[in-house]
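Colleague: Model the following, please.
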Amino acid sequence: MKLQTTPIRSIFVACSILAFSTSAFAQKGKKTNEKEIINITFEGASDELSELNGIDAAGKGISSPTEIKADLFSKSASGDVGVPLNIYGNEDPTTENGGSVYAGIVAYRPGKLAGERSYITIELMQGKESVTLKKGLTYCVEYSISLSESSKFACNNLGAYFSKSAPGNGEAGAIYMAGDHVMKSQFNKVYNGFFGWEKVCNTYTAKGDEKFITIGNFDLNDKTQFQAVKKPKDADADPLTHAYYYIDNIIVRLVDSPSECACYNTKPPRIEDSFSTLVFDKTPEINDKMTIDKQIAAQTVYFRAGKTSLTESARENLDFIIDQMGSNPAMIIEVTGHNDALEIKAGEENEDYADMDRKRVAAVIKYLVNNGISEERLVKSYKSDGVPSKEISEDDDQEVKDAKSRRVEFSVKL
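Modeller: So this is what the prediction gives:
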């Protein structure tokens with residue numbers, strides 16, 4: 001199946017891919033393969049792999065730092081942890097290393113499940129000796145990922161955290177880290193491609209104390225972009241409320257300049273590619289005891305990200321307003337448009353998404369006018385994302401909050 005996003009193709013070609021290669025730290029000017037710090041492909045995993053949370057079978061120096069362990073999948077296994085078919089989907093090994101084993105982590109879960117993430121921690125070693133990155137030198141960091149078919153979500157903020165000591169002690173909860181010890185991909189896009197592999201990749205400048213690298217999402221949910229995705233029609237995996245990624249080919253390599261890193265000159269993804277398809281829908285709760293003003297205020301209409309088209313529910317709400325204005329010829333209504341923060345950011349790059357609050361008001365007024373309401377009775381108002389929706393609750397994840405923000409509201413002025 002074709003990827004939904006454009007994969008970044010690596011221009012780095014290793015002379016050979018060695019399972020669990022932990023090359024010695026190399027100074028500048030030597031051969032490329034001598035500059036590799038780690039090249040993890042999980043091929044040294046135990047043949048006795050039989051259940052989830054099996055990252056400990058990956059071998060010495062590889063672990064999971066939190067209560068929820070990363071998973072390991074292998075061609076020599078079957079059932080939940082098989083390759084290519086397993087409990088979370090169907091994915092072939094990467095063609096890059098010709099291997100038969102890969103790992104998997106939970107990178108995002110919504111709402112109260114936010115802390116249920118998993119990570120992969122790798123000690124930087126030369127043989128049995130720990131290796132420390134050299135201060136001020138530049139390293140190319142990359143790993144391959146593929147979104148599992150079980151995922152109801154895709155997200156950004158996939159990164160690598162470098163640390164002096166191994167993070168976490170097996171406790172529950174996510175690892176939240178910020179600062180210059182965390183490397184994210186160059187454009188930090190939402191990775192939403194089922195089937196096939198693509199790179200998370202960027203350069204990292206060492207601080208001089210790094211002995212471990214941990215792969216995962218280190219940001220709070222409200223700082224993480226995500227989008228709802230639908231599994232392929234031919235997928236057998238049960239859909240789960242997570243963004244689950246298969247992981248392979250974790251490489252840390254010394255480079256003389258950022259341009260040597262495969263991902264350095266790639267084009268940034270379009271922000272609109274991460275737009276959610278969710279449209280919030282709520283039937284107005286009205287009764288005869290409510291004033292006409294309150295009944296009209298209840299007729300809020302909602303929109304898909306980046307769109308001004310009216311849903312069937314929106315037309316029903318507007319038809320109610322048309323009837324009320326027809327029965328009250330002197331009534332004047334204020335029509336107020338709103339958008340979400342992601343649309344604002346997208347509008348800075350593409351004018352098609354600029355001023356969505358204004359465009360939505362225009363679409364609503366056009367419908368009202370086409371159905372007999374004089375435009376002189378309609379007052380236009382624009383709030384961008386400055387006024388949160390009253391429908392938003394603390395338990396809403398960011399996708400739902402955004403969907404509730406993309407709206408046009410009504411209030412009787414006269």
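
Colleague: in the chain, which residue is closest to the centre?
Modeller: residue 155 (0.9 Å; Cα atoms, centre = their mean).

Colleague: so it makes contact with residue 229?
Modeller: No - applying Cβ atoms under 8 Å, one finds residue 155 not in contact with residue 229, separated by 10.1 Å. C-betas here are computed from N, CA, C, even on glycine.

Colleague: Residue 283: neighbouring residues, count only.
Modeller: 9 (other Cβ atoms under 10 Å).

Colleague: In terms of helices and strands, where is it?
Modeller: With secondary structure defined by DSSP states H and E, residue 283 is part of neither a helix nor a strand.

Colleague: tell me the contacts of it?
Modeller: Residues counted as contacts of residue 283 (Cβ atoms under 8 Å, 6 or more residues apart in numbering) are residue 313.

Colleague: got a pLDDT number for residue 17?
Modeller: Here the pLDDT value assigned to residue 17 is 31.

Colleague: ugh, wrong one, I meant residue 8
Modeller: 34.

Colleague: And for residue 380?
Modeller: So residue 380 comes in at 97 (pLDDT).

Colleague: Show the backbone phi and psi for the residue lying closest to it once chain neighbours are set aside.
Modeller: The spatially closest residue to residue 380, leaving aside those adjacent along the chain, is residue 361, at 5.4 Å (Cβ to Cβ, 6 or more residues apart in numbering). Per-residue torsions, residue 361: phi -60, psi -40 (degrees, to the nearest 10).

Colleague: Residue 361 is in contact with residue 338, isn't it?
Modeller: No - counting by Cβ under 8 Å, residue 361 does not reach residue 338; the two are 9.4 Å apart.

Colleague: So for these two, which residues contact both of them?
Modeller: residue 408.

Colleague: quick one, which of the two is more surrounded?
Modeller: For residue 361 and residue 338, the more surrounded residue by other Cβ under 10 Å is residue 338, and the numbers stand at 27 against 21.

Colleague: wait, doesn't that one sit right on residue 389?
Modeller: Yes - under the criterion of Cβ under 8 Å, residue 338 makes contact with residue 389 at 7.4 Å.

Colleague: can you list residues touching both of those two?
Modeller: With Cβ under 8 Å, 6+ apart, residue 338 and residue 389 have common neighbours 405, 407.

Colleague: hmm, back to that, any idea how far the residue nearest to residue 380 lies from residue 379?
Modeller: 10 Å (Cβ to Cβ, to the nearest Å).

Colleague: what do you get for residue 148?
Modeller: Taking Cβ to Cβ, one finds residue 148 at 49 Å from residue 379.

Colleague: And those two? Which one has more around it.
Modeller: residue 148 (24 against 14).

Colleague: Which parts of the stretch 251-400 of the chain are strands?
Modeller: Applying DSSP state E, counting those that start in this stretch to the stretch 251-400 of the chain gives strands spanning 301-302, 333-337, 378-382.

Colleague: elements contacting the last one?
Modeller: Pointing back at strand 378-382 there. strand 333-337, helix 356-370 (3 or more Cβ pairs under 8 Å, 6 or more residues apart in numbering; DSSP states H and E).

Colleague: So for residue 59, which of those sits nearest?
Modeller: helix 356-370 (50.8 Å; Cβ to Cβ).
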